[in-house]
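[1] The following block contains a protein sequence and its predicted model.
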Amino acid sequence: MLSGAAANTVSSAKALVKDRRRLKRILLANPDLAKYRLSEATSERIASTWRPGLIRRTARMWQTVYAGINGIEDHRYLSGYVFARMVRPALNNEMLAESYTDKNLYDRLFPETQTPKSVLRSIHGRYYSDDYEPVGNLQKALAPYEGNELVVKPATESGGGNGVLIGSYEGGEIVTPGSSISLDDLSQKYGRNFNVQTKILQHEVLGAFHPASVNSIRAMTLRHPEGITVLSAAIRFGHQGERVDNQAAGGISCGINAKGILNSFAIDSSGRVFKAHPHTGHIFEGVQIPGLAAVRSLVEELHARLLHFDLVSWDIAIDENGTPVLIEFNILGQGLQVHQLNNGPVFGDFTDYVLKRANI
């Protein structure tokens, strides 16, 4: 077993490799970025803000990429490496992250908040209903949902849409195009902790961009000495008929301003820019997202209860009635790139405060 120092070194190396791969993917997809040059003023601010060596080099590379794509030049962009290895651990007790982000516990953590209805919970290898009553007969418990679309997901570690299965419940099986899985086999695929939910019926404004996926808002909140603030918000859309909206599955994201209006462009994980949704042709500019004020109030209120974590990213859907629905919250995989590609440096005026917390 590695010592603490050795394990940290390995983790840092992996974070750096991951950061460089992301950078390479963006540069390959956007060859014109090689010609982009930061202004002299921004270069001077970078030199005065970031430490010499690796931190300054990675900061400068990402600042060039972000500004070259979204046109927002600023010395305060964070590299993925600095965020993952220095900033996030300084703000959050990451040892507790997996326990808190267990989707099966959301209704206990936030009992009055609207979440997708759970038709079956597998917790530590035991089955429970939506209201945490033990379930013995799986087919009997799910019989009322015959013919309905259900969503199966790991209770933890489902970032990027990993492991999410969406299909129709038919005769004891969840059926997707070309495959099916029985209720009895779910534990073999998902292990001891997973959740089966009903599908959210989303608002028509969000569904118009890509009807096949539930398109969710990603909002990042920060606890600071004056309270809790929403730093940035963007909406993620599925693409090419995919059932999930995550960029890791080919989705795109579009920034949302403080008034709830979409940016004029969306961006995929490779930094390619779109003025309209590439699958449906729906234009982003000027579209008002319903219920954003309620989303902001909700995530600030919920974050206040998470006392071990000062930085949280929330995935919120808007249902057909305009009500926010909590899908999940994230302590580890927070989607830094989504925010900075669309909206500029994620910490903005809080950057100095955050860098001081991280001893940078």
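    Perfect, thanks for sending it.

[2] alpha carbons only for contacts and neighbour counts from here, please
    Will do.

[3] need the strands for the stretch 51-200 of the chain, in chain order.
    Listed in chain order, the strands of the stretch 51-200 of the chain (DSSP state E, counting those that start in this stretch) span 118-123, 126-128, 149-154, 165-170, 173-176, 179-182, 194-198.

[4] which stretches of this protein form helices?
    Assigned by DSSP state H, the chain shows helices spanning 4-29, 40-49, 54-70, 80-82, 88-91, 97-100, 106-109, 138-142, 186-190, 204-207, 292-303, 336-343, 351-357.

[5] Report the mean confidence score over the longest one.
    Right, the one you point to is helix 4-29. The average pLDDT within helix 4-29 is 77.

[6] likewise the fourth one?
    Averaging the model's pLDDT scores along helix 80-82 yields 92.

[7] Can you name every helix or strand that it contacts?
    Secondary-structure packing of helix 80-82 (3 or more C-alpha pairs under 8 Å, 6 or more residues apart in numbering; DSSP states H and E): helix 4-29.

[8] What count of nearby residues applies to Glu242?
    Counted with other C-alpha atoms under 10 Å, residues neighbouring Glu242 total 17.

[9] Relative to Asn215, how far out is it?
    11 Å (C-alpha to C-alpha, to the nearest Å).

[10] for Val87, same thing?
    For Val87, the distance to Asn215 (C-alpha to C-alpha) stands at 28 Å.

[11] more neighbours, the two?
    Neighbours per residue (other C-alpha under 10 Å) separate Val87 from Asn215, with Asn215 holding more: 28 against 21.

[12] check contacts around that one.
    Gln202, Leu206, Gly207, Ile235, Arg236, Phe237, Gly238, Val244, Asp245, Ala317 (C-alpha atoms under 8 Å, 6 or more residues apart in numbering).

[13] give me phi/psi at Gly136?
    The phi and psi torsions at Gly136 (degrees, to the nearest 10) take the values phi -100, psi -50.

[14] Spatially, which residue comes closest to it, not counting chain neighbours?
    Tyr127 (7.2 Å; C-alpha to C-alpha, 6 or more residues apart in numbering).

[15] where's the one you found relative to Leu150, distance?
    17 Å.

[16] out of these two, which sits in the busier spot?
    Shown here are Tyr127 and Leu150; by other C-alpha under 10 Å, Leu150 has more neighbours (23 against 20).

[17] ok, Phe274 to Asn193 distance?
    Relative to Asn193, Phe274 is positioned 38 Å away (C-alpha to C-alpha).

[18] swap in Ala97?
    Per C-alpha to C-alpha, Ala97 is found 15 Å from Asn193.

[19] And those two? Which one has more around it.
    Shown here are Ala97 and Asn193; by other C-alpha under 10 Å, Asn193 has more neighbours (20 against 16).

[20] wait, isn't that one in contact with Tyr128?
    No: between Asn193 and Tyr128 there is no contact under C-alpha atoms under 8 Å: 11.1 Å.

[21] Need the residues touching each of those two.
    Common contacts of Asn193 and Tyr128 (C-alpha under 8 Å, 6+ apart): Arg121, Ser122.

[22] Which one of the strands of the stretch 51-200 of the chain lies nearest to Gln337?
    strand 149-154 (23.6 Å; C-alpha to C-alpha).

[23] on that earlier part again, same list (the strands of the stretch 51-200 of the chain) but as JSON lines, adding mean pLDDT and distance to His339.
    Formatted as JSON lines, those follow (pLDDT from 0 to 100; distance: least, C-alpha to C-alpha, whole Å):
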{"stretch": "strand 118-123", "mean pLDDT": "96", "distance to His339": "30"}
{"stretch": "strand 126-128", "mean pLDDT": "97", "distance to His339": "36"}
{"stretch": "strand 149-154", "mean pLDDT": "94", "distance to His339": "25"}
{"stretch": "strand 165-170", "mean pLDDT": "93", "distance to His339": "26"}
{"stretch": "strand 173-176", "mean pLDDT": "92", "distance to His339": "32"}
{"stretch": "strand 179-182", "mean pLDDT": "91", "distance to His339": "35"}
{"stretch": "strand 194-198", "mean pLDDT": "96", "distance to His339": "28"}
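
[24] Columns distance to Ser43 on top of the ones you listed, output as JSON lines?
    Converted to JSON lines, the strands of the stretch 51-200 of the chain look like this (distance: least, C-alpha to C-alpha, whole Å):
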{"stretch": "strand 118-123", "distance to Ser43": "51"}
{"stretch": "strand 126-128", "distance to Ser43": "56"}
{"stretch": "strand 149-154", "distance to Ser43": "44"}
{"stretch": "strand 165-170", "distance to Ser43": "46"}
{"stretch": "strand 173-176", "distance to Ser43": "52"}
{"stretch": "strand 179-182", "distance to Ser43": "54"}
{"stretch": "strand 194-198", "distance to Ser43": "48"}
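
[25] For Pro225, find the nearest of those.
    For the strands of the stretch 51-200 of the chain, the distance to Pro225 is smallest for strand 149-154, at 34.8 Å, taking C-alpha to C-alpha.

[26] Touching the closest one from outside, list them.
    For strand 149-154, contacts defined as C-alpha under 8 Å, 6+ apart pick out 163-169, 174, 190, 193-199.

[27] ChimeraX command for the buried members of those residues?
    Restricted to buried positions by 16 or more other C-alpha atoms under 10 Å, the ChimeraX selection for the contacts of strand 149-154 reads:
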select :164,165,166,167,168,169,174,190,193,194,195,196,197,198,199
